[in-house]
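Q: Structure here, sequence nowhere to be found:
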């Protein structure tokens with residue numbers, strides 16, 4: 001890791017836009033994790049509300065009806081603390097899911113605009129020729145473990161592989177980092193035109209953000 005983490009000040013606009021694209025990729029991963037977590041939370045809430053018998057939370061229908069018509073008419077399930085918690089759980093889950101989904105959509109649109117800015121700049125300081133299909137697919141599917149960097153035959157790929165493995169089992173923030181950077185790279189590569197042999201000219205970005 002002999003390269004500095006951040007892009008030096010005054011660097012070319014193309015590299016600066018690449019750095020911003022990487023940061024957007026990291027933020028995108030955060031919202032995707034929130035979206036996934038909230039979706040599982042909604043699913044878990046639905047399962048809990050379906051499998052827990054009413055009698056387990058003091059909602060036995062026979063007990064309600066034993067009070068006659070007046071008892072049944074005035075019974076409010078929300079008087080039960082368990083039902084209140086389920087209601088709050090559901091509302092918060094849906095809010096988190098919709099907010100994170102909206103954020104993901106906005107970020108993808110902004111990332112596409114940033115990609116257009118990158119590609120409009122013809123200056124490529126460190127060109128690398130790589131197969132587009134391999135780079136894109138490995139970036140999306142195995143980028144967290146340096147898959148797209150292996151396609152470029154970069155030594156940095158082994159560092160990404162180690163970071164990705166450690167992040168998968170011990171420090172999720174490391175996995176988030178490699179996932180965000182690789183997603184941004186693969187997304188950018190999707191819009192680079194390939195030649196007749198399926199290769200693209202990729203600018204080697206040596207920094208860690």
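A: Perfect, thanks for sending it. Note that the coordinates shown come from a computational prediction; the quantities given were computed from them, not determined experimentally. Residues are numbered from 1 along each chain as shown.
Q: Helix, strand, or coil at residue 200?
A: Using DSSP: H, G, I helix; E, B strand; the rest coil, the structure places residue 200 in strand.
Q: can you tell me which residues contact it?
A: When contacts are counted by CB atoms under 8 Å, 6 or more residues apart in numbering, residue 200 touches 129, 130, 131, 132, 135, 189, 192, 193, 194. (Each C-beta comes from the backbone N, C-alpha and C, glycine too.)
Q: pLDDT at the nearest residue to residue 86 once chain neighbours are set aside, what is it?
A: Counting by CB to CB, 6 or more residues apart in numbering, residue 86 lies nearest to residue 49, which is 5.5 Å off, once chain neighbours are set aside. Listed pLDDT for residue 49 reads 73.
Q: Give me the neighbour count for residue 49.
A: Applying other CB atoms under 10 Å, we find 14 residues neighbouring residue 49.
Q: Which element, helix or strand, includes it?
A: Using DSSP states H and E, residue 49 sits within helix 13-51.
Q: how far out from the middle of the chain is that helix?
A: Relative to the centre of its chain, helix 13-51 is centred 4 Å away, using CA atoms, centre = their mean, to the nearest Å.
Q: cool, stretch 130-137 as well?
A: Worked out by CA atoms, centre = their mean, stretch 130-137 lies 21 Å from the chain centre.
Q: Next, the buried residues of that stretch.
A: The neighbour-count check on stretch 130-137 (16 or more other CB atoms under 10 Å) flags 130, 131, 132, 134, 135, 136, 137 as buried.
Q: Show me the strands in this protein, by range?
A: Using DSSP state E, the strands found in the chain span residues 127-131, 199-203.
Q: Identify, out of those strands, the most deeply packed stretch.
A: Most buried of the strands of the chain, by mean neighbour count (mean count of other CB atoms under 10 Å): strand 199-203, with a mean of 18.
Q: partner strands of that strand, parallel or antiparallel?
A: strand 127-131 (antiparallel) (DSSP bridges).
Q: got any ranges where the protein has weak pLDDT?
A: Within the chain, the ranges that satisfy pLDDT under 70 run 1-3, 52-83.
Q: tilt between the helix holding residue 49 and strand 199-203?
A: 100 degrees (axes from the mean of the first three to the mean of the last three CA atoms, to 10 degrees).
Q: Going by distance to residue 99, which of the contacts of residue 200 wins?
A: Set against residue 99, the nearest of the contacts of residue 200 by CB to CB is residue 189 (29.3 Å).
Q: so the closest one touches residue 140, yeah?
A: No. Contact status for residue 189 versus residue 140: not in contact, 9.6 Å apart, counting by CB atoms under 8 Å.
Q: So these two - more neighbours on which side?
A: Higher neighbour count among residue 189 and residue 140: residue 189, with 23 against 19, using other CB under 10 Å.
Q: Can you get me a residue count around residue 188?
A: Neighbourhood size, residue 188 [other CB under 10 Å]: 26.
Q: my guess is residue 209 contacts residue 21, does it?
A: No. At 10.8 Å, residue 209 does not count as touching residue 21 under the criterion of CB under 8 Å.
Q: neighbour-wise, which of those two wins?
A: A direct count of neighbours by other CB under 10 Å for residue 209 and residue 21 places residue 21 higher, at 24 against 15.
Q: if I pick that one, what's in contact with it?
A: So residue 21 contacts 111, 114, 115, 118, 184, 187, 188 (CB under 8 Å, 6+ apart).
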